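[1] Structural data only, the sequence is not supplied:
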């Protein structure tokens, strides 16, 4: 697995998402068609695990969280940026999603949850905010941010 291979995987999925609004219907669609147990989920999870092991994902660390933006917004990614974080029983910094956020939760041990959700997709609508929290173990979380927009609060 290389970053280029990973980018192609993400680009294919984002092409399927298309211009759908970031809302509960997209959350349901992603979990129905690409959720835990699906070929897409398994491939993305394996890619993220390989990227972390090889050091090209989550190559930074701060406040007990490993993280990294692997791809900036680009045309082939339909304007989305791609970040991956590695969190174990921790709450991250509070932030808002001006244009929304799409997350893929990939538990690594235990029954890890992200904001109370288990393995699969979580869609945060435009204008939403949270303090991303992983409980009950370790999880990798892939973030897709429209135009890379995220605003950290104090």
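    Done, it's in. Being a predicted model, the structure only gives us computed values, none of them experimental.
[2] residues in contact with residue 137?
    Listed by CB atoms under 8 Å, 6 or more residues apart in numbering, the contact partners of residue 137 are 88, 89, 107, 108, 109, 110, 111, 112. For glycine as for every other residue, the C-beta is placed from the backbone atoms N, C-alpha and C.
[3] same deal with residue 48?
    Contact analysis of residue 48 by CB under 8 Å, 6+ apart lists 6, 57, 84, 106, 140, 142.
[4] Selecting buried members of the residues you listed in PyMOL, what would you type?
    Restricted to buried positions by 16 or more other CB atoms under 10 Å, the PyMOL selection for the contacts of residue 48 reads:
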select buried, resi 6+57+84+106+140+142
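[5] which one among the contacts of residue 48 gets closest to residue 26?
    The shortest approach to residue 26 among the contacts of residue 48 belongs to residue 142, at 15.1 Å (CB to CB).
[6] and the closest one, bridged to which residues?
    Going by DSSP bridges, residue 142 is paired in beta bridges with residue 84, residue 104.
[7] next one: residue 97
    Beta-bridge partners recorded for residue 97 (DSSP bridges): residue 128.
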